[in-house]
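In: Take a look and give me a structure for this.
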Amino acid sequence: MRPIFNITLPLLFSLVTILTFAQTSNIVSGSTKFSVKFVMGTCEGTFDAPRGAANFDEKNISAASFDIKISAASFNTNSNARDKDLKSEKYFYVEKYPDIHFKSSKVEENSDGFQAIGTLTMRDVTKTVTLPFQAKKNADGTYQLSSTFDVNRLDYKIGEKNWKMKDIVTVKMQAIAK
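Out: Here you go, the predicted structure:
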């Protein structure tokens, strides 16, 4: 009986240790803002906060990963008519494609902070992108993550070429991962 105990206890300890360090952090709060220039100025708006998993520890970048979704239907520019149009089949088509999804394949440190390389999916288009981000560890052990990046809306079939609206949309995301 003793040999089984001698083998089982170290295996159990190893399993608990592996599971403890492999736990996924959830995004518990945040914001997603965007801006796009158009003929009469700049249109600014928001989406709901990102949701999903963010595994990040600046001491172990090689194990970092992100799997984040944003509800496309949460689009808000404070104009009901514009929001309805942007949620339609012509733009985000939220009825058929309810989420915007980013999933990292690699995270790296660089001179400006960090970058997450992965796939960004909007509507039915998936492209490989590199999203720059900063990370700050809070006193409570959570991480504050922030990223500002540009997206060409036409690459994702968000509307059509239009002299009234620029193609490039600037996105600002913030999230707290716990």
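In: show me the contacts for the residue sitting nearest the centre point of the chain.
Out: For the chain, Ile68 is the residue whose C-alpha lies nearest the centre (C-alpha atoms, centre = their mean; 4.1 Å). For Ile68, the contact set (C-beta atoms under 8 Å, 6 or more residues apart in numbering) comprises Ile27, Pro50, Arg51, Gly52, Ala53, Ala54, His101, Phe102, Lys103, Ala175. Any C-beta I mention is one placed from the backbone N, CA and C, and that applies to glycine too.
In: Kindly provide the distance from the third one to Phe102.
Out: For Arg51, the distance to Phe102 (C-beta to C-beta, to the nearest Å) stands at 11 Å.
In: Look up the residues that both of those two are in contact with.
Out: Joint contacts of Arg51 and Phe102 (C-beta under 8 Å, 6+ apart) are Ile68, Lys69.
In: Same drill for these two, tell me which one is more crowded.
Out: It is Phe102, of Arg51 and Phe102, that has more neighbours when counted by other C-beta atoms under 10 Å, with 21 against 17.
In: sec struct for that one, please.
Out: strand (DSSP: H, G, I helix; E, B strand; the rest coil).
In: Surely it touches Ala54?
Out: No. With contact defined as C-beta atoms under 8 Å, Phe102 does not count as touching Ala54 (10.5 Å).
In: still on that earlier bit, quick check, nearest of the contacts of Ile68 to Arg123?
Out: Among the contacts of Ile68, His101 lies closest to Arg123 (C-beta to C-beta), at 10.8 Å.
In: Which helix or strand contains the closest residue to that closest one other than its chain neighbours?
Out: Spatial nearest neighbour of His101, excluding adjacent residues (C-beta to C-beta, 6 or more residues apart in numbering): Thr121 at 4.5 Å. Here Thr121 sits within strand 113-122, counting by DSSP states H and E.
In: strands paired with that strand, and their directions?
Out: strand 99-110 (antiparallel), strand 125-137 (antiparallel) (DSSP bridges).
In: what sits up against the last one?
Out: When contacts are taken as C-beta under 8 Å, 6+ apart, the neighbours of strand 125-137 outside the stretch itself are 56, 58, 102, 110, 112-121, 143-149, 151, 155-157.
In: Could you list the buried residues of that strand?
Out: For strand 125-137, the neighbour count (16 or more other C-beta atoms under 10 Å) marks Val129, Leu131, Phe133, Ala135 as buried.
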